[in-house]
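Participant: show me how the following folds:
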Amino acid sequence: MSFRLRFLSSFAALLVAATFASAQGTGTMQPPPAGGAGTNPGTTTGGTPAAPANIDLPLSEPAYVGDPAKPDPPPATDGGTDDPRDEPPPTIYGEEIDSETSTIIYVIDVSGSMDMDSQSYTTFEGRRSSGTRMERAKAELMRSISALSRNFKFNCISFDCGTYQWSNGLKEANDGNKASALAWARALRPLGATGTGPATALALGQDRHNKSVVLLTDGAPNCGTPRETMEEHRSMIRNANSQRAAINVFGIAASGSYRSFCQQVAGDSGGSYFDVP
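Facilitator: Predicted structure coming up:
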């Protein structure tokens, strides 16, 4: 190679080196990544890519510290703290009776007409027998009382022209109170006329928190009001029901206008009427 060519070649090399050094100082050019097409922009030391100073990753294997903390399980409850809503509702004649306050008051007709119409039925003890309206109604009342859940409170009222209470107020449905109410119901005997209005009004006024009344009657009110009319009895019950309790009426062999009266009493309160033998 001639002297001229060697000079030009050396000059060009010096020019390229100076341009590259200038670009590194101004940040306008970046050297190609190590390894050609790789994505790590770091420099190399001894042939191994060095981690850049600004990357947010661990540089060593993390130490194992165990499973993340788990929340404590809810405390276990014992058998005495069951949710009352899990308890079955009262039933009578196979019908479920709603009670939003877990209370119920039974009102049973013991007038002379309940001593009629002997039919086959199942006694409280589970035997087949023949009995009057009174005997059949008593068996159903006793079955309902005995099956009350322990979270319920209840009372029982019987009536002819007078009213007769098992208790002066609502009682817890524990074994002792249920045994007492069953003995009271077993001793009921039919006699006299029928004061449906006063007895049902008494049940409604006994505890204004109670929203459930069950009335068992053959449906012939004829005493306890000034003119002894069915409409007076109906009006007395309506006026006493300021808490808007549901009155579920079971018409025992009820018919004609007496059955209509029972249906009206139930309908006035938002309760239900049921025909029963």
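Participant: please report how far the residue nearest to Gly267 when sequence neighbours are not counted lies from Glu87.
Facilitator: Spatially, and ignoring its direct neighbours in sequence, Gly267 is nearest to Tyr273 (7.3 Å; C-beta to C-beta, 6 or more residues apart in numbering). No exception for glycine: its C-beta is placed from N, CA and C like everyone else's. Distance, Tyr273 to Glu87, using C-beta to C-beta, to the nearest Å: 26 Å.
Participant: quick one, which of those two is more surrounded?
Facilitator: It is Tyr273, of Tyr273 and Glu87, that has more neighbours when counted by other C-beta atoms under 10 Å, with 20 against 15.
Participant: just grab the bridge partners of that one for me.
Facilitator: Assessed by DSSP bridges, Tyr273 has beta-bridge partners Val249.
Participant: do I have it right that it meets Phe261?
Facilitator: No. If you go by C-beta atoms under 8 Å, Tyr273 and Phe261 don't touch, sitting 10.2 Å apart.
Participant: can you list residues touching both of those two?
Facilitator: By C-beta atoms under 8 Å, 6 or more residues apart in numbering, Tyr273 and Phe261 have no common neighbours.
Participant: who touches stretch 258-277?
Facilitator: Counting by C-beta under 8 Å, 6+ apart, 93, 95, 119, 121, 136, 140, 196, 200, 213, 215, 217-221, 230, 233-234, 237-238, 241, 244-254 sit against stretch 258-277.
Participant: swap in 7 Å and give it another go.
Facilitator: Residues from elsewhere that reach stretch 258-277, judged by C-beta atoms under 7 Å, 6 or more residues apart in numbering: 93, 95, 119, 136, 215, 217-221, 230, 234, 237-238, 241, 245-254.
Participant: which of those residues fall in helices?
Facilitator: Applying DSSP state H to the contacts of stretch 258-277, the entries found in helices are Arg136, Met230, Arg234, Ile237, Arg238.
Participant: helices along the stretch 101-250 of the chain, start to end?
Facilitator: Assigned helices in the stretch 101-250 of the chain, in chain order: 133-146, 175-186, 196-206, 230-240 (criterion: DSSP state H, counting those that start in this stretch).
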